[in-house]
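Participant: Fold the following.
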Amino acid sequence: MYLAQRKIKGKTHYFISESFNDGDCLRSHDLFDLGTNPATYIVYPGGNAYYVDDVVEEKLSSLGVKYATHDLDDLFWPFVKPEIRRVLECFRQRAKARAPREAINAEQQEKLRMQVSDFDKRRVHYLRCGRIDQGRIGRTSVKLFKWVVGKSRDEIEQHFMEMEKSLNPSELKTYAYVIFDLQRFFSETIAKKMPHGLDQDKVDKCFLEEICRLNGDRFFWAGEACGDFLHEHLVRYVVMFFDNGWPDTFLHDYLKEFMNARRFHKAPVRKRSVSFEEASTVFGVTKEALRKMTKRGLTRLYRRMAKKLHPDKGGTHEKFVELTEAYNDLLRRKGI
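Facilitator: Residues are numbered from 1 along each chain as shown. This next block holds a predicted model:
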């Protein structure tokens with residue numbers, strides 16, 4: 001089960017889709033149309049909690065789809081409110097870190113290499129390593145490509161679309177040049193480092209030939225409809241290649257060196273310590289009481305005063321900040 005994006009009348013629509021085994025190939029079909037804004041199916045009961053609307057689960061259950069709860073959470077996670085994502089992200093990372101990892105033996109590694117297409121390998125390699133020269137791709141760990149296996153072509157392409165969002169605009173043309181392995185058509189040594197120094201008419205011609213060849217590769221598109229048109233998943237690469245220029249590496253390196261040479265460090269300004277006399281005024285107790293107060297007592301007093309001085313309870317922002325700073329300073333000075 002995965003989240004698919006498709007352009008319909010100029011607008012991006014989202015679908016919950018699924019890959020399934022259809023004889024000798026993997027195909028995909030849509031399970032639920034989420035419209036243009038999947039966030040409408042997220043319910044916030046209060047606090048930092050959220051859940052996916054029951055209508056989605058009821059629809060998937062009626063179709064007999066089997067899935068884990070965290071699978072549905074992963075699909076809707078990008079559409080959860082940013083402030084809630086910031087709070088819950090650490091818990092998601094901990095859960096992923098605790099998940100067991102399967103070891104891959106030599107036989108499984110070789111099988112993985114055979115199952116993954118060269119085009120997919122080059123895309124993963126560049127997105128992970130950022131190298132124009134793909135000479136070392138044969139020595140790359142197959143673990144990088146493991147996620148491709150067992151997925152339909154549409155699911156794989158949807159995943160690559162998300163990964164490619166991390167690319168800078170300045171490297172889009174280079175990315176297209178690398179993944180179609182255009183360097184193999186040139187004997188010049190600069191083909192592996194400076195493709196912008198090659199004969200650009202020949203580069204353009206090689207790109208068009210390669211994208212047409214991939215478009216007609218029925219093994220690559222197994223389970224996907226192929227016709228006398230450029231597949232929608234390849235259109236974005238034509239746009240990447242022809243609507244973007246090569247990065248100006250000389251200018252980039254010059255500006256980077258210029259900025260690094262003029263960077264300077266400012267030592268952080270040390271905050272002034274709050275005296276017991278000032279803290280007693282803020283907390284409304286005597287200096288002696290503050291000196292003798294335990295961590296638990298100080299925390300209890302702070303919470304009581306925080307309820308009183310919080311802006312939401314009728315207090316002011318300045319008084320609340322002053323209270324918090326005094327509390328933290330007292331904890332530090334007490335060695336707690």
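Participant: Could you break this protein into its assigned domains?
Facilitator: Recorded structural domains for the chain (assignment: automatic domain parsing) are 2-98, 106-255, 276-333.
Participant: Throw those domains into TSV and include mean pLDDT and mean neighbour count, thanks.
Facilitator: Just so you know, the C-beta spots here come from the backbone N, C-alpha and C atoms, and that holds for glycine as well. Formatted as TSV, the domains of the chain follow (pLDDT from 0 to 100; neighbours: other CB atoms under 10 Å):
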stretch	mean pLDDT	mean neighbour count
domain 2-98	87	13
domain 106-255	84	15
domain 276-333	85	15
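Participant: Name the helix or strand for the residue of the chain most remote from its centre, please.
Facilitator: No residue in the chain sits farther from the centre than E288, which is 53.0 Å out by CA atoms, centre = their mean. Following DSSP states H and E, one finds E288 within helix 287-292.
Participant: same thing with L301?
Facilitator: In this structure, L301 sits in helix 295-309 according to DSSP H and E.
Participant: got the CA positions of that helix in CSV?
Facilitator: Taking Å, rounded to 0.1, in the frame of the first residue of the first chain, the C-alpha atoms of helix 295-309 are listed here in CSV:
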residue,chain,number,x,y,z
LYS,A,295,14.2,20.4,43.8
ARG,A,296,10.7,19.0,44.2
GLY,A,297,9.6,22.0,46.2
LEU,A,298,11.1,24.5,43.7
THR,A,299,9.4,22.7,40.8
ARG,A,300,6.1,22.6,42.7
LEU,A,301,6.4,26.4,43.3
TYR,A,302,7.3,27.1,39.7
ARG,A,303,4.3,25.2,38.4
ARG,A,304,2.0,27.0,40.7
MET,A,305,3.4,30.4,39.7
ALA,A,306,3.4,29.4,36.0
LYS,A,307,-0.3,28.8,36.1
LYS,A,308,-0.8,32.2,37.5
LEU,A,309,1.6,34.1,35.2
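Participant: Check which helices and strands that helix is in contact with.
Facilitator: Here helix 295-309 touches helix 276-283, helix 317-333, going by 3 or more CB pairs under 8 Å, 6 or more residues apart in numbering; DSSP states H and E.
Participant: by how many degrees do the last one and helix 276-283 diverge?
Facilitator: An angle of 130 degrees separates the directions of helix 317-333 and helix 276-283 when computed by axes from the mean of the first three to the mean of the last three CA atoms, to 10 degrees.
Participant: quick one, helices of this structure?
Facilitator: In the chain, helices defined by DSSP state H lie at 54-62, 69-76, 82-98, 106-115, 118-129, 153-163, 172-179, 200-215, 232-242, 249-261, 276-283, 287-292, 295-309, 317-333, listed in chain order.
Participant: now for the fifth one, which elements pack on it?
Facilitator: To tie it back to what came earlier, the one meant is helix 118-129. Applying 3+ CB pairs under 8 Å, 6+ apart, one finds that helix 118-129 contacts helix 153-163, helix 172-179.
Participant: Please enumerate residues in contact with it?
Facilitator: Helix 118-129 is contacted by residues 131, 134, 137, 140, 144-145, 148, 156, 160, 163-164, 166-167, 175, 178-181, 214, 220 when judged by CB atoms under 8 Å, 6 or more residues apart in numbering.
Participant: now swap in the shortest one and tell me
Facilitator: Applying CB under 8 Å, 6+ apart, the external contacts of helix 287-292 come out as F276, E277, A279, S280, F283, L298, L330.
Participant: ok, now which ones touch the last one?
Facilitator: For L330, the contacting residues are V274, A279, L290, L298, taking CB under 8 Å, 6+ apart as the criterion.
Participant: Quickly note the distance from the last one to K334.
Facilitator: Yep, that's L298 we're talking about. Per CB to CB, to the nearest Å, L298 is found 8 Å from K334.
Participant: Ok, the first one next?
Facilitator: Using CB to CB, one gets 12 Å for the distance from V274 to K334.
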